[in-house]
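Asks: Need the 3D shape of this:
(2 chains)
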Amino acid sequence: MRTGLIGHVKDMGEILVHKLQDGRTIIDTAAVIHNLKDGGECVQNDEDTILRAALRSGIGYSYECNSGGCGGCKFELVEGEIENLWEDAPGLTARDRARGRHLACQCRARGDIKIKATTSPEYKPIIPPIRQKARLIGVKDITKDIREFRFKSEGSANFLPGQFAMLELPGVGSSRAYSMSNIGNDENEWHFQIRYVENGRGTSYLFNTLKIGGEIEIDGPYGLAWLREDTQRDIICIAGGSGLAPMVSIARGAANSGILKNRKLYFFYGARTPDDVCGEELLRELEMGDAIKYIPIVSVPGVGDWDGETGFAHDAVRKLIEDDFKNYDFYFAGPTLMLQAIQELLMIEKRVPYNQVHYDRFF
Amino acid sequence: MAFQKVCTLDDVWEGEMEAFTVDGHEILLVCADGGAVKAFQGVCPHQDIPLVEGKFDGEKVICRAHSWQFDACTGKGINPDDCALAEYPVKVDGEDIYVDTAGVVPLFAHS
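Replies: Got it, this is the predicted structure:
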(Lines give C-alpha, C1' and ligand atoms only; values in the text may rest on other atoms or scores of the structure.)
Protein backbone atom coordinates (compact mmCIF):
# COMPACT_ATOMS: atom_id res chain seq x y z
CA MET A 1 0.00 0.00 0.00
CA ARG A 2 1.18 3.49 -0.81
CA THR A 3 -1.12 5.24 1.61
CA GLY A 4 1.81 5.90 3.88
CA LEU A 5 3.53 8.01 1.29
CA ILE A 6 4.93 11.14 2.88
CA GLY A 7 7.03 12.57 0.11
CA HIS A 8 9.84 12.07 -2.33
CA VAL A 9 13.45 12.11 -1.34
CA LYS A 10 14.68 12.51 -4.88
CA ASP A 11 13.23 13.06 -8.29
CA MET A 12 14.92 10.86 -10.89
CA GLY A 13 12.84 11.81 -13.88
CA GLU A 14 10.09 9.28 -14.40
CA ILE A 15 11.55 6.91 -11.84
CA LEU A 16 10.71 8.10 -8.37
CA VAL A 17 11.98 7.25 -4.94
CA HIS A 18 9.23 7.26 -2.33
CA LYS A 19 9.86 7.33 1.36
CA LEU A 20 7.05 5.71 3.31
CA GLN A 21 6.00 6.62 6.81
CA ASP A 22 7.29 3.32 8.15
CA GLY A 23 10.78 4.22 6.99
CA ARG A 24 10.88 1.97 3.91
CA THR A 25 11.98 3.42 0.63
CA ILE A 26 10.53 2.23 -2.65
CA ILE A 27 11.56 3.03 -6.20
CA ASP A 28 9.06 2.78 -8.98
CA THR A 29 7.30 4.66 -11.73
CA ALA A 30 4.39 5.71 -9.55
CA ALA A 31 3.46 9.37 -9.38
CA VAL A 32 1.52 11.31 -6.81
CA ILE A 33 -1.38 13.40 -8.11
CA HIS A 34 -2.33 16.23 -5.81
CA ASN A 35 -5.62 18.04 -6.41
CA LEU A 36 -5.41 21.62 -5.18
CA LYS A 37 -9.16 22.08 -5.52
CA ASP A 38 -10.08 19.64 -2.76
CA GLY A 39 -6.70 18.81 -1.20
CA GLY A 40 -7.04 15.15 -2.20
CA GLU A 41 -4.13 12.97 -3.23
CA CYS A 42 -3.74 9.68 -5.04
CA VAL A 43 -0.99 7.56 -6.55
CA GLN A 44 -0.90 6.73 -10.25
CA ASN A 45 0.53 3.29 -10.91
CA ASP A 46 1.34 1.16 -13.90
CA GLU A 47 -0.52 2.09 -17.04
CA ASP A 48 -3.19 4.18 -15.34
CA THR A 49 -4.38 7.56 -16.47
CA ILE A 50 -4.96 10.33 -13.95
CA LEU A 51 -8.70 9.58 -13.95
CA ARG A 52 -8.34 5.84 -13.48
CA ALA A 53 -5.79 6.37 -10.70
CA ALA A 54 -8.19 8.67 -8.88
CA LEU A 55 -11.21 6.37 -9.24
CA ARG A 56 -9.16 3.31 -8.28
CA SER A 57 -8.26 5.14 -5.08
CA GLY A 58 -11.95 5.72 -4.39
CA ILE A 59 -11.89 9.42 -5.22
CA GLY A 60 -15.09 10.95 -6.65
CA TYR A 61 -13.39 12.52 -9.66
CA SER A 62 -15.83 14.08 -12.16
CA TYR A 63 -16.13 11.92 -15.30
CA GLU A 64 -18.52 10.12 -17.54
CA CYS A 65 -17.23 8.23 -20.59
CA ASN A 66 -13.58 7.56 -19.65
CA SER A 67 -12.96 7.53 -23.41
CA GLY A 68 -12.00 11.11 -24.34
CA GLY A 69 -15.41 12.07 -25.68
CA CYS A 70 -17.57 13.74 -23.05
CA GLY A 71 -15.22 16.33 -21.51
CA GLY A 72 -16.47 15.55 -18.01
CA CYS A 73 -13.00 14.95 -16.53
CA LYS A 74 -11.28 18.21 -17.45
CA PHE A 75 -8.51 19.49 -15.24
CA GLU A 76 -6.01 22.31 -15.08
CA LEU A 77 -2.34 21.43 -14.70
CA VAL A 78 -0.71 23.63 -12.08
CA GLU A 79 2.67 21.96 -11.63
CA GLY A 80 4.54 19.01 -13.12
CA GLU A 81 4.58 17.16 -16.41
CA ILE A 82 1.93 15.10 -18.13
CA GLU A 83 1.85 12.78 -21.09
CA ASN A 84 -1.17 13.15 -23.37
CA LEU A 85 -2.38 9.87 -24.88
CA TRP A 86 -4.79 11.54 -27.32
CA GLU A 87 -4.02 15.15 -28.18
CA ASP A 88 -7.05 15.57 -30.44
CA ALA A 89 -9.62 13.97 -28.13
CA PRO A 90 -13.04 15.42 -29.01
CA GLY A 91 -13.89 15.93 -25.33
CA LEU A 92 -11.92 19.18 -25.42
CA THR A 93 -13.25 22.13 -27.39
CA ALA A 94 -11.03 24.84 -28.88
CA ARG A 95 -12.14 27.01 -25.98
CA ASP A 96 -11.05 24.37 -23.44
CA ARG A 97 -7.63 24.13 -25.09
CA ALA A 98 -7.29 27.90 -24.95
CA ARG A 99 -8.21 27.70 -21.25
CA GLY A 100 -5.37 25.23 -20.74
CA ARG A 101 -7.60 22.30 -19.89
CA HIS A 102 -6.70 18.61 -20.27
CA LEU A 103 -8.69 15.38 -20.02
CA ALA A 104 -7.84 13.23 -17.02
CA CYS A 105 -8.95 10.10 -18.92
CA GLN A 106 -6.36 10.77 -21.64
CA CYS A 107 -3.42 12.03 -19.56
CA ARG A 108 -0.80 10.35 -17.45
CA ALA A 109 1.35 12.08 -14.88
CA ARG A 110 5.10 11.95 -15.54
CA GLY A 111 6.30 12.31 -12.01
CA ASP A 112 4.36 14.08 -9.30
CA ILE A 113 1.88 16.70 -10.41
CA LYS A 114 -0.46 19.27 -8.96
CA ILE A 115 -3.81 19.80 -10.66
CA LYS A 116 -7.13 21.55 -10.17
CA ALA A 117 -10.01 19.17 -10.84
CA THR A 118 -13.66 18.85 -9.88
CA THR A 119 -14.57 16.13 -7.42
CA SER A 120 -17.98 15.38 -5.94
CA PRO A 121 -19.63 12.59 -3.94
CA GLU A 122 -21.85 11.69 -6.90
CA TYR A 123 -18.76 10.45 -8.79
CA LYS A 124 -17.30 8.46 -5.93
CA PRO A 125 -17.07 4.87 -7.15
CA ILE A 126 -19.26 2.52 -5.14
CA ILE A 127 -17.10 -0.30 -6.48
CA PRO A 128 -13.60 0.99 -7.31
CA PRO A 129 -12.44 -0.36 -10.69
CA ILE A 130 -9.82 -3.08 -10.93
CA ARG A 131 -7.85 -4.30 -13.93
CA GLN A 132 -7.73 -8.05 -14.48
CA LYS A 133 -7.17 -10.69 -17.12
CA ALA A 134 -10.22 -12.35 -18.67
CA ARG A 135 -10.84 -15.12 -21.19
CA LEU A 136 -13.55 -15.34 -23.81
CA ILE A 137 -15.84 -18.23 -22.86
CA GLY A 138 -18.74 -17.82 -25.28
CA VAL A 139 -20.37 -15.79 -28.05
CA LYS A 140 -23.93 -15.53 -29.33
CA ASP A 141 -25.43 -13.45 -32.14
CA ILE A 142 -28.30 -11.21 -31.04
CA THR A 143 -29.01 -9.46 -34.34
CA LYS A 144 -27.19 -9.41 -37.66
CA ASP A 145 -24.62 -6.99 -36.24
CA ILE A 146 -24.92 -7.21 -32.42
CA ARG A 147 -23.10 -10.12 -30.78
CA GLU A 148 -22.89 -11.11 -27.14
CA PHE A 149 -19.38 -11.81 -25.83
CA ARG A 150 -18.99 -13.60 -22.50
CA PHE A 151 -15.74 -13.29 -20.58
CA LYS A 152 -14.57 -14.94 -17.36
CA SER A 153 -12.18 -12.91 -15.28
CA GLU A 154 -9.51 -14.13 -12.86
CA GLY A 155 -11.06 -12.22 -10.00
CA SER A 156 -14.54 -11.07 -9.15
CA ALA A 157 -17.13 -9.67 -11.57
CA ASN A 158 -18.23 -6.98 -9.18
CA PHE A 159 -20.27 -4.17 -10.76
CA LEU A 160 -23.65 -2.44 -10.57
CA PRO A 161 -26.40 -2.88 -13.18
CA GLY A 162 -25.88 -0.36 -16.00
CA GLN A 163 -22.12 0.12 -15.60
CA PHE A 164 -19.38 -0.33 -18.19
CA ALA A 165 -15.82 -1.60 -18.36
CA MET A 166 -12.73 -0.75 -20.39
CA LEU A 167 -11.60 -3.61 -22.61
CA GLU A 168 -7.89 -3.72 -23.31
CA LEU A 169 -7.57 -5.60 -26.59
CA PRO A 170 -4.14 -6.80 -27.78
CA GLY A 171 -2.82 -4.67 -30.63
CA VAL A 172 -5.78 -2.31 -30.67
CA GLY A 173 -3.98 0.55 -28.94
CA SER A 174 -6.49 2.51 -26.93
CA SER A 175 -8.98 0.80 -24.66
CA ARG A 176 -12.64 0.40 -25.58
CA ALA A 177 -15.59 1.09 -23.28
CA TYR A 178 -18.44 -1.43 -23.37
CA SER A 179 -21.37 -1.83 -21.02
CA MET A 180 -22.08 -5.10 -19.29
CA SER A 181 -25.43 -6.70 -20.10
CA ASN A 182 -25.45 -9.02 -17.08
CA ILE A 183 -25.27 -8.14 -13.40
CA GLY A 184 -22.48 -8.57 -10.88
CA ASN A 185 -21.95 -12.25 -10.09
CA ASP A 186 -19.80 -14.80 -8.26
CA GLU A 187 -19.02 -16.73 -11.44
CA ASN A 188 -16.64 -13.94 -12.54
CA GLU A 189 -18.59 -13.43 -15.78
CA TRP A 190 -18.72 -10.23 -17.77
CA HIS A 191 -21.20 -10.19 -20.67
CA PHE A 192 -21.12 -7.53 -23.39
CA GLN A 193 -23.46 -7.03 -26.35
CA ILE A 194 -21.38 -5.30 -28.95
CA ARG A 195 -22.37 -3.89 -32.29
CA TYR A 196 -20.02 -4.47 -35.19
CA VAL A 197 -18.53 -1.23 -36.48
CA GLU A 198 -17.39 -1.24 -40.10
CA ASN A 199 -13.61 -0.67 -40.13
CA GLY A 200 -13.60 -0.42 -36.32
CA ARG A 201 -10.35 -1.84 -34.95
CA GLY A 202 -11.86 -2.77 -31.59
CA THR A 203 -14.88 -4.62 -32.93
CA SER A 204 -12.83 -6.14 -35.75
CA TYR A 205 -10.57 -7.69 -33.12
CA LEU A 206 -13.51 -8.94 -31.07
CA PHE A 207 -15.58 -10.27 -33.98
CA ASN A 208 -12.83 -11.59 -36.25
CA THR A 209 -9.62 -12.23 -34.34
CA LEU A 210 -10.43 -13.19 -30.76
CA LYS A 211 -11.17 -16.89 -30.32
CA ILE A 212 -12.81 -18.79 -27.47
CA GLY A 213 -10.19 -19.06 -24.73
CA GLY A 214 -8.44 -15.91 -25.95
CA GLU A 215 -7.24 -13.50 -23.30
CA ILE A 216 -7.86 -9.78 -22.91
CA GLU A 217 -7.84 -7.37 -19.97
CA ILE A 218 -10.96 -5.93 -18.39
CA ASP A 219 -10.75 -2.79 -16.27
CA GLY A 220 -13.91 -1.91 -14.46
CA PRO A 221 -16.47 -1.09 -13.38
CA TYR A 222 -16.95 2.50 -14.51
CA GLY A 223 -20.05 4.60 -15.10
CA LEU A 224 -22.63 6.59 -13.20
CA ALA A 225 -25.87 5.35 -14.80
CA TRP A 226 -26.31 2.43 -12.43
CA LEU A 227 -29.63 1.19 -11.08
CA ARG A 228 -30.96 3.11 -8.07
CA GLU A 229 -32.93 0.69 -5.92
CA ASP A 230 -33.85 3.13 -3.18
CA THR A 231 -36.79 4.85 -4.90
CA GLN A 232 -40.43 3.86 -5.29
CA ARG A 233 -40.83 5.20 -8.83
CA ASP A 234 -41.52 3.11 -11.91
CA ILE A 235 -38.58 2.77 -14.28
CA ILE A 236 -38.27 3.80 -17.91
CA CYS A 237 -35.34 2.36 -19.87
CA ILE A 238 -34.67 3.71 -23.35
CA ALA A 239 -32.09 1.96 -25.49
CA GLY A 240 -30.96 2.55 -29.03
CA GLY A 241 -28.66 0.31 -31.07
CA SER A 242 -25.83 -1.01 -28.91
CA GLY A 243 -27.29 0.83 -25.93
CA LEU A 244 -29.13 -2.46 -25.46
CA ALA A 245 -26.59 -4.01 -23.06
CA PRO A 246 -26.69 -1.52 -20.16
CA MET A 247 -30.48 -1.31 -20.30
CA VAL A 248 -30.79 -5.11 -20.25
CA SER A 249 -28.47 -5.01 -17.24
CA ILE A 250 -30.73 -2.44 -15.53
CA ALA A 251 -33.78 -4.64 -16.19
CA ARG A 252 -31.96 -7.73 -14.92
CA GLY A 253 -30.80 -5.84 -11.84
CA ALA A 254 -34.31 -4.59 -11.15
CA ALA A 255 -35.76 -8.08 -11.55
CA ASN A 256 -33.06 -9.66 -9.41
CA SER A 257 -33.36 -7.14 -6.57
CA GLY A 258 -37.07 -7.71 -6.14
CA ILE A 259 -38.03 -4.08 -6.73
CA LEU A 260 -40.28 -5.08 -9.64
CA LYS A 261 -42.67 -6.75 -7.21
CA ASN A 262 -44.35 -3.39 -6.78
CA ARG A 263 -42.86 -1.29 -9.58
CA LYS A 264 -43.13 -1.41 -13.35
CA LEU A 265 -40.36 -1.17 -15.90
CA TYR A 266 -41.00 0.16 -19.40
CA PHE A 267 -38.32 -0.85 -21.88
CA PHE A 268 -38.21 1.20 -25.08
CA TYR A 269 -35.88 -0.07 -27.79
CA GLY A 270 -35.20 2.10 -30.79
CA ALA A 271 -33.91 0.23 -33.86
CA ARG A 272 -33.32 1.21 -37.46
CA THR A 273 -35.30 -1.54 -39.20
CA PRO A 274 -37.57 -4.35 -37.93
CA ASP A 275 -34.61 -6.74 -38.42
CA ASP A 276 -32.61 -4.73 -35.88
CA VAL A 277 -35.23 -5.05 -33.13
CA CYS A 278 -33.95 -7.08 -30.18
CA GLY A 279 -34.10 -7.44 -26.43
CA GLU A 280 -37.62 -8.75 -25.92
CA GLU A 281 -36.53 -12.37 -25.54
CA LEU A 282 -33.86 -11.39 -22.99
CA LEU A 283 -36.50 -9.59 -20.92
CA ARG A 284 -38.99 -12.45 -21.20
CA GLU A 285 -36.40 -14.77 -19.63
CA LEU A 286 -36.71 -12.70 -16.45
CA GLU A 287 -40.30 -13.98 -16.04
CA MET A 288 -41.56 -10.70 -14.68
CA GLY A 289 -44.91 -10.86 -16.48
CA ASP A 290 -46.64 -7.50 -16.72
CA ALA A 291 -44.03 -5.79 -14.55
CA ILE A 292 -41.85 -5.34 -17.64
CA LYS A 293 -43.37 -3.85 -20.76
CA TYR A 294 -41.31 -3.94 -23.95
CA ILE A 295 -41.93 -1.32 -26.64
CA PRO A 296 -39.87 -1.51 -29.84
CA ILE A 297 -39.68 1.48 -32.19
CA VAL A 298 -38.22 1.42 -35.70
CA SER A 299 -37.15 4.49 -37.65
CA VAL A 300 -37.14 2.74 -41.05
CA PRO A 301 -40.12 0.34 -41.08
CA GLY A 302 -39.64 -0.51 -44.78
CA VAL A 303 -42.30 -2.30 -46.83
CA GLY A 304 -42.78 -5.28 -44.49
CA ASP A 305 -45.60 -5.87 -42.04
CA TRP A 306 -44.26 -3.85 -39.09
CA ASP A 307 -47.23 -2.70 -37.04
CA GLY A 308 -45.38 -1.31 -34.02
CA GLU A 309 -44.21 2.20 -33.20
CA THR A 310 -42.25 4.09 -35.81
CA GLY A 311 -40.03 7.15 -35.68
CA PHE A 312 -37.62 8.15 -32.92
CA ALA A 313 -37.49 6.58 -29.47
CA HIS A 314 -37.88 9.87 -27.59
CA ASP A 315 -41.03 10.72 -29.58
CA ALA A 316 -42.50 7.33 -28.69
CA VAL A 317 -41.74 7.92 -25.00
CA ARG A 318 -43.39 11.34 -25.19
CA LYS A 319 -46.45 9.83 -26.87
CA LEU A 320 -46.90 6.70 -24.77
CA ILE A 321 -46.09 7.93 -21.26
CA GLU A 322 -49.21 9.86 -20.43
CA ASP A 323 -48.80 10.77 -16.79
CA ASP A 324 -46.28 13.12 -15.23
CA PHE A 325 -42.71 12.24 -16.24
CA LYS A 326 -41.60 13.23 -12.73
CA ASN A 327 -43.14 9.95 -11.51
CA TYR A 328 -40.40 7.89 -13.16
CA ASP A 329 -36.71 7.11 -12.94
CA PHE A 330 -35.11 7.24 -16.38
CA TYR A 331 -32.17 5.24 -17.71
CA PHE A 332 -31.02 5.53 -21.29
CA ALA A 333 -28.15 4.53 -23.56
CA GLY A 334 -27.52 4.69 -27.26
CA PRO A 335 -26.25 6.89 -30.10
CA THR A 336 -25.23 10.47 -29.30
CA LEU A 337 -28.12 12.14 -31.13
CA MET A 338 -30.62 9.92 -29.37
CA LEU A 339 -29.12 10.72 -25.97
CA GLN A 340 -29.24 14.44 -26.74
CA ALA A 341 -32.90 14.25 -27.81
CA ILE A 342 -33.92 12.28 -24.72
CA GLN A 343 -31.94 14.58 -22.43
CA GLU A 344 -33.70 17.65 -23.83
CA LEU A 345 -37.10 15.96 -23.61
CA LEU A 346 -36.58 15.05 -19.96
CA MET A 347 -34.58 18.02 -18.66
CA ILE A 348 -36.10 20.93 -20.59
CA GLU A 349 -39.54 19.89 -21.82
CA LYS A 350 -40.65 17.63 -18.95
CA ARG A 351 -38.44 19.04 -16.18
CA VAL A 352 -37.69 15.67 -14.69
CA PRO A 353 -35.46 16.18 -11.61
CA TYR A 354 -31.85 15.57 -12.61
CA ASN A 355 -31.37 12.91 -9.93
CA GLN A 356 -33.99 10.77 -11.72
CA VAL A 357 -32.17 10.96 -15.06
CA HIS A 358 -29.36 8.42 -15.47
CA TYR A 359 -27.09 8.06 -18.49
CA ASP A 360 -23.46 8.20 -19.51
CA ARG A 361 -22.68 10.32 -22.54
CA PHE A 362 -20.57 8.53 -25.14
CA PHE A 363 -19.54 10.07 -28.43
CA MET B 1 -11.41 45.96 -7.51
CA ALA B 2 -13.68 48.36 -9.29
CA PHE B 3 -15.88 48.13 -12.34
CA GLN B 4 -13.99 47.38 -15.52
CA LYS B 5 -15.09 47.83 -19.09
CA VAL B 6 -15.77 44.46 -20.72
CA CYS B 7 -17.38 45.33 -24.05
CA THR B 8 -20.07 47.50 -25.56
CA LEU B 9 -23.82 46.93 -25.89
CA ASP B 10 -23.24 46.17 -29.55
CA ASP B 11 -21.32 43.03 -28.54
CA VAL B 12 -24.26 41.42 -26.72
CA TRP B 13 -27.55 41.95 -28.48
CA GLU B 14 -30.89 41.10 -26.94
CA GLY B 15 -31.22 37.31 -26.88
CA GLU B 16 -27.45 36.75 -27.14
CA MET B 17 -24.72 35.61 -24.78
CA GLU B 18 -20.95 36.05 -24.97
CA ALA B 19 -17.97 34.90 -22.91
CA PHE B 20 -15.23 37.16 -21.55
CA THR B 21 -12.30 36.84 -19.20
CA VAL B 22 -11.98 39.65 -16.65
CA ASP B 23 -9.26 39.56 -13.95
CA GLY B 24 -8.92 35.83 -14.54
CA HIS B 25 -12.66 35.32 -14.01
CA GLU B 26 -14.50 33.48 -16.76
CA ILE B 27 -17.67 35.50 -17.25
CA LEU B 28 -20.80 34.98 -19.31
CA LEU B 29 -22.63 38.14 -20.37
CA VAL B 30 -26.25 37.57 -21.31
CA CYS B 31 -28.76 40.03 -22.69
CA ALA B 32 -32.18 38.58 -21.90
CA ASP B 33 -35.40 39.36 -23.74
CA GLY B 34 -36.20 42.92 -22.71
CA GLY B 35 -32.59 44.05 -22.95
CA ALA B 36 -31.22 43.69 -19.40
CA VAL B 37 -27.54 42.76 -19.41
CA LYS B 38 -26.40 40.34 -16.70
CA ALA B 39 -23.04 38.80 -15.91
CA PHE B 40 -22.68 35.28 -14.48
CA GLN B 41 -19.94 32.73 -13.90
CA GLY B 42 -18.85 31.37 -17.27
CA VAL B 43 -18.84 27.65 -16.46
CA CYS B 44 -21.67 25.35 -15.46
CA PRO B 45 -21.69 24.53 -11.73
CA HIS B 46 -21.89 20.84 -12.67
CA GLN B 47 -18.81 19.98 -14.70
CA ASP B 48 -16.20 22.34 -16.13
CA ILE B 49 -18.24 23.15 -19.26
CA PRO B 50 -18.25 26.73 -20.65
CA LEU B 51 -21.88 27.88 -20.76
CA VAL B 52 -21.27 29.92 -23.93
CA GLU B 53 -20.97 26.58 -25.75
CA GLY B 54 -24.59 25.85 -24.83
CA LYS B 55 -27.81 27.53 -25.89
CA PHE B 56 -29.60 30.71 -24.86
CA ASP B 57 -33.28 31.06 -25.74
CA GLY B 58 -33.69 34.60 -24.45
CA GLU B 59 -34.94 33.39 -21.05
CA LYS B 60 -32.69 30.59 -19.97
CA VAL B 61 -29.09 29.55 -20.49
CA ILE B 62 -28.87 25.82 -21.27
CA CYS B 63 -25.61 23.92 -20.77
CA ARG B 64 -24.70 21.79 -23.75
CA ALA B 65 -23.51 18.85 -21.66
CA HIS B 66 -26.56 17.81 -19.60
CA SER B 67 -29.14 20.49 -20.43
CA TRP B 68 -28.89 22.10 -17.01
CA GLN B 69 -30.84 25.37 -17.26
CA PHE B 70 -30.43 28.72 -15.56
CA ASP B 71 -32.67 31.78 -15.45
CA ALA B 72 -30.97 34.51 -17.50
CA CYS B 73 -32.28 37.23 -15.18
CA THR B 74 -31.34 35.73 -11.82
CA GLY B 75 -28.86 32.91 -12.52
CA LYS B 76 -31.07 30.60 -10.48
CA GLY B 77 -31.11 26.96 -11.54
CA ILE B 78 -34.36 25.91 -13.26
CA ASN B 79 -33.56 22.20 -13.57
CA PRO B 80 -31.90 21.22 -11.37
CA ASP B 81 -33.31 23.93 -9.12
CA ASP B 82 -30.94 23.48 -6.20
CA CYS B 83 -27.99 25.23 -7.83
CA ALA B 84 -27.27 28.67 -9.26
CA LEU B 85 -24.79 30.74 -11.23
CA ALA B 86 -22.78 33.32 -9.29
CA GLU B 87 -23.69 36.80 -10.51
CA TYR B 88 -21.33 39.72 -11.08
CA PRO B 89 -22.48 43.35 -10.71
CA VAL B 90 -22.95 45.01 -14.10
CA LYS B 91 -23.00 48.72 -14.92
CA VAL B 92 -23.94 50.16 -18.29
CA ASP B 93 -22.57 53.61 -19.05
CA GLY B 94 -23.62 54.91 -22.45
CA GLU B 95 -22.70 52.10 -24.83
CA ASP B 96 -20.14 50.54 -22.51
CA ILE B 97 -20.69 47.50 -20.27
CA TYR B 98 -18.71 47.31 -17.01
CA VAL B 99 -18.38 44.33 -14.64
CA ASP B 100 -17.03 44.20 -11.07
CA THR B 101 -15.38 40.90 -10.15
CA ALA B 102 -14.53 41.79 -6.55
CA GLY B 103 -15.46 39.05 -4.10
CA VAL B 104 -17.43 36.93 -6.56
CA VAL B 105 -16.67 33.20 -6.47
CA PRO B 106 -18.09 30.68 -8.97
CA LEU B 107 -20.55 28.21 -7.45
CA PHE B 108 -20.40 24.47 -7.84
CA ALA B 109 -23.01 21.74 -7.99
CA HIS B 110 -25.74 21.01 -5.54
CA SER B 111 -24.39 17.72 -4.30
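Asks: Pull out the buried positions in stretch A:346-357.
Replies: A:346-348, A:350-352, A:354, A:356-357 (16 or more other Cβ atoms under 10 Å in any protein chain shown). From N, CA and C alone the C-beta is placed, and that goes for glycine too.
Asks: packing partners for the helix or strand containing A:Ile194?
Replies: Counting by DSSP states H and E, the secondary-structure element that holds A:Ile194 is strand A:189-195. Packed against strand A:189-195 by the contact rule (3 or more Cβ pairs under 8 Å, 6 or more residues apart in numbering or on different chains; DSSP states H and E) you find strand A:146-153, strand A:164-168, strand A:176-179, helix A:244-257.
Asks: who touches the shortest one?
Replies: Okay, so that is strand A:176-179. Strand A:176-179 is touched from outside by A:65-67, A:162-167, A:169, A:192, A:194, A:202, A:222-223, A:243, A:245-246, A:249, A:333, A:362, with contacts defined as Cβ atoms under 8 Å, 6 or more residues apart in numbering or on different chains.
Asks: Off-centre distance for it?
Replies: 6 Å (Cα atoms, centre = their mean, to the nearest Å).
Asks: Okay, helices next: where are they in the stretch 251-363 of chain A?
Replies: Taking DSSP state H, counting those that start in this stretch as the criterion, the stretch 251-363 of chain A carries its helices at A:280-284, A:313-320, A:336-344.
Asks: low-confidence ranges in the chain?
Replies: Unless you meant another one, I'm taking chain A. Judged against pLDDT under 70, the low-scoring parts of chain A cover residues A:1-29.
Asks: switch to chain B, that's the one I care about
Replies: Scanning chain B with the threshold set as pLDDT under 70 gives B:1, B:110-111.
Asks: mind running it again at 90?
Replies: In the prediction, chain B carries residues with pLDDT under 90 at positions B:1, B:35, B:48, B:108-111.
Asks: So B:Glu14: helix, strand or coil?
Replies: Recorded secondary structure, B:Glu14: coil (DSSP: H, G, I helix; E, B strand; the rest coil).
Asks: Looks like it contacts B:Val30 (just checking).
Replies: No: contact criterion Cβ atoms under 8 Å: B:Glu14 and B:Val30 do not qualify, at 10.0 Å.
Asks: burial of the residue lying closest to A:Ser179 once chain neighbours are set aside, as a residue count?
Replies: Taking Cβ to Cβ, 6 or more residues apart in numbering or on different chains, and ignoring the residues beside it in sequence, A:Ser179 has A:Pro246 as its nearest neighbour in space, at 3.7 Å. Residue neighbour count, defined by other Cβ atoms under 10 Å in any protein chain shown, stands at 31 for A:Pro246.
Asks: Of B:Glu14 and B:Val30, which one has the most company?
Replies: Set side by side, B:Glu14 and B:Val30 show unequal neighbour counts under other Cβ under 10 Å, the larger going to B:Val30 at 25 against 13.
Asks: Report the secondary structure state of residue 102.
Replies: Defaulting to chain A. Following three-state DSSP, the label given to A:His102 is strand.
Asks: Check the gap between it and chain B for me.
Replies: Using Cβ to the nearest Cβ, to the nearest Å, we find A:His102 at a distance of 11 Å from chain B.
Asks: ok, back up a step: and of the helices of the stretch 251-363 of chain A, who's closest to chain B?
Replies: Of all the helices of the stretch 251-363 of chain A, helix A:336-344 sits nearest to chain B, with 5.0 Å by Cβ to the nearest Cβ.
Asks: May I see the buried residues of that closest one?
Replies: By 16+ other Cβ under 10 Å, the buried positions in helix A:336-344 come out as A:338-339, A:341-343.
Asks: export the residues you listed to JSON lines and tack on distance to A:Leu206?
Replies: Below are the buried residues of helix A:336-344 laid out as JSON lines (distance: Cβ to Cβ, whole Å):
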{"residue": "A:Met338", "distance to A:Leu206": "23"}
{"residue": "A:Leu339", "distance to A:Leu206": "23"}
{"residue": "A:Ala341", "distance to A:Leu206": "29"}
{"residue": "A:Ile342", "distance to A:Leu206": "27"}
{"residue": "A:Gln343", "distance to A:Leu206": "29"}
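Asks: do you know which of the helices and strands packed on strand A:189-195 lies nearest A:Pro125?
Replies: Of all the helices and strands packed on strand A:189-195, strand A:164-168 sits nearest to A:Pro125, with 12.5 Å by Cβ to Cβ.
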